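>>> Just need the structure, nothing else, for what follows:
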Amino acid sequence: MSSAYTVNGRSGFRRTTWRVAVMGVAGVVVASLLPALGDAPASAAPARKLAEKRVTLTKSIAGMPESAEPGRQIERAVVRVIYDTASGEPSLNAEVRLKGQPQRNPDSEILVGIGTFAGNDCQIEATDVLGVWAADGRDHSLWEGVPRTTTYDCAVVGVKAHDDPGTYYDVMIGKLVDRYVSPNLVVGKVEVLGRNQKQLRLVRGATQVHHVTVRNRGGLDARGVTISGSGKGVRVKRTKVGRVRVGEAVTVRVPIRLTGGRTTKARLRVAGSGATGARVLKVRPVAAPARPTAGSWRGGETFRFRVQNGRITGFRGINMRMTCQPPGQFATYKNVSLGFPKVKVPRHGVVDAVKKYRKGDVWYTAHLRARIAGGKLVAGRYRYVTAGSCSVSEGFTARRVGR
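Below is the predicted model of the structure:
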């Protein structure tokens, strides 16, 4: 079989018309047409982006193969036009398996072309050619940049003579089918003090911060993501998450409040770029713990603070190790003493406070988390992050030691 003009080696992006009777490959063409996507989605549907055009070829066109040698016959070919989801730049990729081992050096050439259907003809707009030698075996791969367009809708794979560009031993043709990617948002772990909560234990009337993780398991970034929630006797503050990239997990602080006095359920819902996800958690009311005892408190040799009027005051960590490790550099260490502002202990006894400071180039973010009741503090964690990729992270427990 011959093309409209001779193709030698890499033809570049010259146009070739393959005059192929579509009736001879009706099984390939019709099967490709059936799953094709229809009109553009409604505005309420998730955002989507063209990821690739793809076809799997297993049937030769009418009259092919012309060669009786298995090494010059196509068993299977997968042709893909892959679009970079960031830039939109397309690349041609093909995986071709021959029915047998090539026998000569050189033996033949594999040509892969993509283009657009014009009636029953596939007008090739971009091609790549690979020489086949006996030592190459049955499996062959092609990868080539192609002109930027989304109009490609057909693909041709041919095995041709290496010394006679007009002679083809086998040819397959098929319709490229669009494949789109969208965000896929999932509500992941819901944590309190670093522990995953399979059910929420809430003190009625006391708002408690939960750390909720949002994951994007789709193939496209989600923007403008938010978390909200609902449930009988439960209030969930709508919380901004922002952009969640492909494969990324983002954790945000979500305040949740129990207003009723019975066991109930809370439905956490994440939404962004038209994609949504949800998770339902059981909510169980619990009694408030004992209020923290007023007086002087100590956590080992490092932490000291006072409890006054239900507030932690004068919190200070002494001689803590700070690690500084800018990208590409070795870590350095120094000992520092740092504090935390006065913070109220909620009725549920879980302290989860953040202090941020910035003035010019000077900035820091400090976190204080703990569970405190009566004369004991457990699951304490102090974290401090500042410029120069420097941070402190210390876990601790504490107890009241005096007035």
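
>>> For this protein, name the helix or strand with the lowest mean pLDDT.
Within the chain, no helix or strand scores below helix 26-33, which has a mean of 29 by mean pLDDT, DSSP states H and E.

>>> what element comes up after that one heading to the C-terminus?
strand 49-57 (DSSP states H and E).

>>> For that next one, which outside residues touch it?
28, 32, 74, 76-83, 85, 114, 150, 152-153, 155, 157, 172-182, 219-220 (C-beta atoms under 8 Å, 6 or more residues apart in numbering). Any C-beta I mention is one placed from the backbone N, CA and C, and that applies to glycine too.

>>> In ChimeraX, how would I select just the buried ones from the residues you listed?
To isolate the buried subset of the contacts of strand 49-57 in ChimeraX, counting by 16 or more other C-beta atoms under 10 Å, use the following:
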select :28,32,74,76,77,78,79,80,81,82,83,114,152,153,155,157,172,173,174,175,176,177,178,179,180,181,182,219,220
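
>>> mind listing which of the contacts of strand 49-57 are in strands?
Members of those lying in strands (criterion: DSSP state E): 74, 76-83, 114, 155, 157, 172-175, 177-181.

>>> correct me, but R97 touches D136?
No: contact criterion C-beta atoms under 8 Å: R97 and D136 do not qualify, at 11.8 Å.

>>> Those two: which has the busier surroundings?
Ranked by neighbour count (other C-beta atoms under 10 Å), R97 and D136 place D136 first, with 18 against 13.

>>> For that one, which residues are in contact?
Neighbours of D136 in contact, by C-beta under 8 Å, 6+ apart: P102.

>>> The one 5 residues further on too?
Contact criterion C-beta under 8 Å, 6+ apart gives N93, A94, E95, V96 as the residues in contact with S141.

>>> now, among those, which is nearest to H348?
N93 (55.4 Å; C-beta to C-beta).

>>> Leaving out the residues flanking it, which one is nearest to that closest one?
The shortest distance from N93 to any non-neighbouring residue, by C-beta to C-beta, 6 or more residues apart in numbering, is to R80 (4.6 Å).

>>> ditto for L377
Nearest non-adjacent residue to L377 (C-beta to C-beta, 6+ apart): A398, at 4.0 Å.

>>> name the element that neighbour belongs to?
Assigned by DSSP H and E, A398 belongs to strand 390-402.

>>> what comes up buried for that strand?
Quick answer for strand 390-402 (16+ other C-beta under 10 Å): C390, V392, E394, F396, A398, R400.

>>> Next, format those as a markdown table and append distance to D128 and pLDDT.
Formatted as a markdown table, these follow (distance: C-beta to C-beta, whole Å; pLDDT from 0 to 100):
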| residue | distance to D128 | pLDDT |
| --- | --- | --- |
| C390 | 51 | 97 |
| V392 | 55 | 97 |
| E394 | 58 | 96 |
| F396 | 62 | 96 |
| A398 | 68 | 96 |
| R400 | 75 | 95 |
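
>>> on that earlier part again, isn't the residue nearest to L377 right next to G299, touching?
Yes: using C-beta under 8 Å, A398 is in contact with G299, at 3.5 Å.

>>> how about the strands in the stretch 301-403 of the chain?
In the stretch 301-403 of the chain, the strands defined using DSSP state E, counting those that start in this stretch lie at 303-308, 311-324, 332-340, 343-344, 350-359, 362-373, 376-386, 390-402.

>>> TSV for the ones you listed, including distance to L57?
Shown next, in TSV, are these (distance: least, C-beta to C-beta, whole Å):
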stretch	distance to L57
strand 303-308	68
strand 311-324	56
strand 332-340	59
strand 343-344	66
strand 350-359	57
strand 362-373	56
strand 376-386	54
strand 390-402	55
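
>>> R269 is nearest to which of those?
strand 350-359 (22.2 Å).

>>> and the closest one, which strands flank it?
Strand pairing for strand 350-359, using DSSP bridges, gives strand 362-373 (antiparallel).

>>> now the strand it pairs with, how far from the centre of its chain.
30 Å (C-alpha atoms, centre = their mean, to the nearest Å).

>>> Report the angle between that strand and strand 311-324.
130 degrees (axes from the mean of the first three to the mean of the last three C-alpha atoms, to 10 degrees).

>>> please begin residue numbering at 771 from this point
All set: I'll call the first residue 771, so the last point we hit is now strand 1132-1143.

>>> and strand 1132-1143, which residues are buried?
A1136, H1137, L1138, R1139, A1140, R1141, I1142, A1143.

>>> Is it correct that the first one is in contact with R1151?
No: using C-beta under 8 Å, A1136 and R1151 do not qualify as a contacting pair, with a distance of 11.3 Å.
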